[in-house]
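Student: how would this look folded up:
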Amino acid sequence: MEATPQTDAPEIGLVGRMLRVFYAPGETFASLARKQSKADWLVPVALSAIMALVVAQQIMPIAMKEGMAQMEEKLQDMPAEQREMTEKIQSYGQTGGMVAAPLMPFVMLFVAAGVLLVLGKLMGSEGTYSQMMAVYAYSSLIGVLKTIVVAPIMVSKQTIVIQTGLGILFSDELLQTFAGRFLSMFELFTVWQAIITAMGLAIVGKISMGKATAGVFAIAIVLVAIGAAIAGLSSAFGG
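Tutor: Predicted structure coming up:
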């Protein structure tokens with residue numbers, strides 16, 4: 001069944017669209033399908049970037065501390081010169097992370113919009129690149145909500161490892177395996193954002209919700225698998 005926007009629905013402003021993503025996403029995307037501007041992608045992503053920078057200032061020292069703790073044994077066996085170089089690299093990594101934090105939401109926007117555009121075209125979508133930017137931007141607000149919920153817990157517990165999905169059911173040993181990391185990354189906010197993205201693709205692109213959902217979740221599974229593999233490599237090297 002093709003998802004089509006209502007043509008007689010009242011117009012919704014930018015703030016209304018952003019708020020409705022959380023409780024009435026269909027209205028947000030139906031409004032977007034009727035009328036769209038640069039603000040539809042710029043404002044939500046700018047909000048994500050600001051949130052990322054603020055949170056990075058609080059979380060990055062915790063992440064670096066945990067990384068150094070994991071590398072402690074390896075550092076003890078290193079020559080003094082090599083150990084000093086490793087510590088400098090960790091310090092540079094913290095600085096780089098602070099710089100990258102507000103930039104990554106924009107990088108992800110441009111890449112994700114391209115992926116959604118290609119995916120939609122393969123399914124007969126009528127959506128444009130600009131519309132896909134807006135679809136991703138609005139759905140990324142779910143990630144902002146996750147940050148608001150999870151960041152204070154990270155700070156209070158002084159750890160960046162907070163499980164909000166299947167990972168809460170797994171032992172620490174299982175979470176060190178690829179399967180454990182893969183399954184733990186399917187958490188509430190990831191699934192929620194994928195559903196919202198699929199709904200946006202379906203309504204704005206005028207394709208069936210079934211096709212959009214299958215396509216978005218297929219991409220999500222691939223990305224989660226890549227993320228789990230990278231996390232394994234990072235852990236192996238003390239990251």
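
Student: which other helices and strands contact the lowest-mean-pLDDT helix or strand in the chain?
Tutor: One helix or strand of the chain scores below all others by mean pLDDT, DSSP states H and E: helix 172-175, with a mean of 74. Under the contact criterion of 3 or more C-beta pairs under 8 Å, 6 or more residues apart in numbering; DSSP states H and E, helix 172-175 touches helix 178-184. To be clear about C-beta, it is placed using only N, CA and C from the backbone, and glycine gets the same treatment.

Student: next SSE after the helix it packs on?
Tutor: helix 188-205 (DSSP states H and E).

Student: So for that next one, mean pLDDT?
Tutor: Mean pLDDT, helix 188-205: 94.

Student: Extract the C-alpha set from that helix and format it as CSV.
Tutor: The C-alpha coordinates for helix 188-205 follow below in CSV (Å, rounded to 0.1, in the frame of the first residue of the first chain):
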residue,chain,number,x,y,z
LEU,A,188,15.2,1.2,21.5
PHE,A,189,16.4,4.4,19.9
THR,A,190,18.0,2.7,16.9
VAL,A,191,14.8,0.8,16.1
TRP,A,192,12.7,3.8,16.7
GLN,A,193,14.7,6.0,14.4
ALA,A,194,14.7,3.4,11.7
ILE,A,195,10.9,3.2,11.8
ILE,A,196,10.6,7.0,11.7
THR,A,197,13.0,7.1,8.7
ALA,A,198,11.1,4.4,6.9
MET,A,199,7.8,6.3,7.5
GLY,A,200,9.4,9.5,6.1
LEU,A,201,10.7,7.7,3.0
ALA,A,202,7.4,6.1,2.4
ILE,A,203,5.3,9.3,2.8
VAL,A,204,7.6,11.8,1.1
GLY,A,205,8.7,9.4,-1.6
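
Student: quick one: buried residues of it?
Tutor: 189-190, 192-205 (16 or more other C-beta atoms under 10 Å).

Student: before we move on, what about stretch 110-128?
Tutor: So stretch 110-128, judged by 16+ other C-beta under 10 Å, has buried residues A112, A113, L116, L117, L119, G120, M123, S125, G127.

Student: Any chance of the backbone angles for the last one?
Tutor: Main-chain torsions, G127, degrees, to the nearest 10: phi -70, psi 150.

Student: For the nearest residue in space to it that is not next to it in sequence, give its distance to L141.
Tutor: Excluding the flanking residues, the one nearest G127 by C-beta to C-beta, 6 or more residues apart in numbering is G205, at 3.8 Å. G205 is 19 Å from L141, where distance means C-beta to C-beta, to the nearest Å.

Student: what's the answer for K38, then?
Tutor: Counting by C-beta to C-beta - K38 and L141 are separated by 17 Å.
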